[in-house]
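Novice: build me a model from this:
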Amino acid sequence: MLGIASASLAVTTAFALNQPEEPAPWQESQVSPPMNFSTEAVADFVLDPQSSMRLGIDPKTLTIDPDGVVRYVLVAKSSQGALNVLYEGIRCASAEVKVYARWDNVSSWNTSGKAEWEPLAFRGTTRRAMQMARGGVCEGKVPNGTPARILRALQSGNTELTR
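Specialist: Purely as a prediction, here's the structure:
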């Protein structure tokens, strides 16, 4: 009987050792909006040729962080000169976007402790981020290589990916 128990324990142990471990739950990195950025030296790109908004990312702020989030300062300028500056991140793995802060156009970032991840969609408030994700920020569920590659992809204007 002892032999059967030993064999059973050996099989159970071998089975347990061959099971893949549960991945650790995703943990977001602590981030703060960049203190130095430019609203002029931006890499412009077009998501919608019919839009009067000029969009760009300050290349110095574009990062792919260890948590897998692509973060950047987005600069949007209207044809009338209105300026919107956002510090946000796209998480390709879960198809979500988060706005961390908005620039007050004078001297500081306005942050909200209530910033939440929102699902990307082609409608509503996350439409632009969805277009960016599909237009070059993401390659499926992972960031599209390097920051330089992401910028090149966005600037190539592949609008088929953004519809």
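Novice: where's the most centrally placed residue in the chain, which helix or strand?
Specialist: For the chain, the residue nearest the mean C-alpha position is I90 (1.6 Å; C-alpha atoms, centre = their mean). Element membership for I90 (DSSP states H and E) is strand 83-91.
Novice: given whatever helix or strand comes next after that strand, what are its sheet partners and their directions?
Specialist: Sequence-wise, the next helix or strand downstream of strand 83-91 (DSSP H and E) is strand 96-103. The sheet places strand 96-103 alongside strand 83-91 (antiparallel), strand 109-111 (antiparallel), strand 118-119 (antiparallel), with pairing taken from DSSP bridges.
Novice: now tell me what touches the strand holding I90 from outside.
Specialist: For strand 83-91, contacts defined as C-beta atoms under 8 Å, 6 or more residues apart in numbering pick out 31, 33-34, 37, 39, 61, 65, 68-77, 96-103, 105, 109, 117, 120, 129, 132-133, 137-138. From N, CA and C alone the C-beta is placed, and that goes for glycine too.
Novice: quick one: residues contacting R128.
Specialist: R128 neighbours (C-beta under 8 Å, 6+ apart): L47, L55.
Novice: 45 is where my numbering starts, stick with that
Specialist: I'll keep to 45 as the first residue from here, and by that count the last item is R172.
Novice: distance of it relative to E66?
Specialist: 35 Å (C-beta to C-beta, to the nearest Å).
Novice: which of the strands paired with strand 140-147 has the lowest average pLDDT?
Specialist: Across the strands paired with strand 140-147, strand 153-155 has the smallest mean pLDDT, namely a mean of 92.
Novice: and that strand, which residues are buried?
Specialist: W153 (16 or more other C-beta atoms under 10 Å).
Novice: kindly report the same for stretch 155-175.
Specialist: Neighbour-count burial for stretch 155-175 [16+ other C-beta under 10 Å]: L164, T170, R172, A173, M174, Q175.
Novice: including pLDDT, distance to R193 and secondary structure, could the residues you listed go into a markdown table?
Specialist: Formatted as a markdown table, the buried residues of stretch 155-175 follow (pLDDT from 0 to 100; distance: C-beta to C-beta, whole Å; DSSP: H, G, I helix; E, B strand; the rest coil):
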| residue | pLDDT | distance to R193 | secondary structure |
| --- | --- | --- | --- |
| L164 | 97 | 20 | coil |
| T170 | 93 | 23 | helix |
| R172 | 93 | 20 | helix |
| A173 | 95 | 18 | helix |
| M174 | 95 | 19 | helix |
| Q175 | 93 | 18 | helix |
